[in-house]
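Enquirer: just coords:
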């Protein structure tokens, strides 16, 4: 399997703080997928997103895009990478210049990458991109950012990404600041881009419910480490790692007899004060064993479509090469987006 993007032993530190710790992951070039990166605040999700986008460099390890180390790319290769790997950010309003009309944010990439040689062709490309994300060009173009709703602004940013015909979109919490009524619409549009245009989607989220609805696979981070990964059906439907179980148990259910958050795992003072060079989840884990304090657990594979970084599964095989994608469910093969 050729890799679209590949992380090999990637870590990121800020002084004494480790934001991401030894992540190895590859996403297929031939079978575009939807992959969720989930975890609570401070788990390393956004750091991973910025590394995938090339905005920051890892402190250790390497990132390869279609076999080329992005740190060693030539200016022309960097330009192509920037076009083919597009971001969609959490707060779309921060991306817009309030003094420019909406047209500006759409026309700029078309001109910069020479996607159209006439005004008519440029207009047609922009209108097609807007329609793909459910917006009417006549109701959108010519307006200022403050004249549009949050949902409309976010869909414009998706349209901007689509204009460049990317191979991958990294969407960092794309619906967390959007009304609930529009979340399903925007996520369904991302899914449609994956299915119809063959664009791989990396969906950064703390919401396991939406990850389950739209993604093929999921990777759950805890304090920069991979806790569990695999197909969404297995990881969310029957989580193995104690941290994944905690996250899934926090999903609100229509059960009046059960209080939301009733399954919270407490941290005892004795555990919190103990020196810990092993599993980072040990102080909160109800199944903690002595070896958890002194040793970092490898990535065990309890079944064929899941890995769990936990000594509870020490009798299971270890993921080959620590590559998380080894347990990902393969989506149906699709024709990748052709290079321009």
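Expert: All right, it came through fine. The structure presented is a predicted model; accordingly, all values stated were derived computationally and were not measured.

Enquirer: any stretches of this structure with poor pLDDT?
Expert: In the predicted model, the chain carries pLDDT under 70 at residues 1, 253-275, 332-340.

Enquirer: would you map the strands across it?
Expert: Secondary structure of the chain (DSSP state E): strands at 3-14, 17-28, 34-38, 60-65, 68-69, 85-88, 168-172, 200-205, 217-222, 225-231, 300-303, 306-308.

Enquirer: which of the ones you listed is buried the deepest?
Expert: Of the strands of the chain, the one with the most neighbours on average (mean count of other CB atoms under 10 Å) is strand 306-308, at a mean of 29. No exception for glycine: its C-beta is placed from N, CA and C like everyone else's.

Enquirer: direction included, what does that strand pair up with?
Expert: strand 225-231 (antiparallel), strand 300-303 (antiparallel) (DSSP bridges).

Enquirer: dump the ones you listed to a markdown table, plus distance to residue 117.
Expert: Below are the strands paired with strand 306-308 laid out as a markdown table (distance: least, CB to CB, whole Å):
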| stretch | distance to residue 117 |
| --- | --- |
| strand 225-231 | 45 |
| strand 300-303 | 52 |
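
Enquirer: right, and these - which one's nearest residue 317?
Expert: Residue 317 lies closest, by CB to CB, to one member of the strands paired with strand 306-308: strand 300-303, at 5.2 Å.

Enquirer: go through the strands paired with strand 306-308 and name the closest to residue 219.
Expert: Closest approach to residue 219 among the strands paired with strand 306-308 (CB to CB): strand 225-231, 4.2 Å.

Enquirer: from the chain's centre, how far out does the closest one sit?
Expert: 13 Å (CA atoms, centre = their mean, to the nearest Å).

Enquirer: do the same with stretch 61-72
Expert: 18 Å.

Enquirer: equivalent analysis for stretch 143-152, please.
Expert: Put simply, stretch 143-152 sits 25 Å off its chain's centre (CA atoms, centre = their mean).

Enquirer: try stretch 53-64
Expert: Averaging C-alpha positions (CA atoms, centre = their mean) puts stretch 53-64 15 Å from its chain's average.

Enquirer: what's next to that stretch, contact-wise?
Expert: 3, 5-13, 20, 22-24, 47, 50-52, 69-71, 78, 81-82, 85, 87, 170 (CB atoms under 8 Å, 6 or more residues apart in numbering).

Enquirer: start to end distance for it?
Expert: 11 Å (CA to CA, to the nearest Å).

Enquirer: residue numbering should commence at 8 henceforth.
Expert: Got it, first residue is 8 now, which makes that one stretch 60-71.

Enquirer: who wins for proximity to residue 113 among the strands paired with strand 313-315?
Expert: strand 232-238 (35.8 Å).

Enquirer: show me the contact partners of that closest one.
Expert: Contacts to strand 232-238, defined as CB under 8 Å, 6+ apart, come from residues 28-30, 46, 51, 223-228, 242, 246-248, 250-251, 287-288, 306, 310, 312-317, 331, 334-336.

Enquirer: got it, and stretch 134-151?
Expert: 105, 107-110, 113, 133, 155, 159, 162-163, 165-167, 169-170, 192-193, 196, 199-200.

Enquirer: could you flag which of those residues are buried?
Expert: Buried members of the contacts of stretch 134-151, scored by 16 or more other CB atoms under 10 Å, are 108-109, 113, 133, 155, 159, 162-163, 165-167, 169-170, 192-193, 196, 200.

Enquirer: now the helices: where do they sit in this structure?
Expert: 52-59, 82-91, 109-119, 126-139, 144-147, 157-170, 187-204, 215-221, 239-244, 249-256, 276-280, 297-301 (DSSP state H).

Enquirer: residue 188: which of the strands paired with strand 313-315 is closest?
Expert: strand 232-238 (29.1 Å).

Enquirer: ok and that closest one relative to strand 24-35, angle-wise?
Expert: 20 degrees (axes from the mean of the first three to the mean of the last three CA atoms, to 10 degrees).

Enquirer: residue 124: how many residues sit nearby?
Expert: 8 (other CB atoms under 10 Å).
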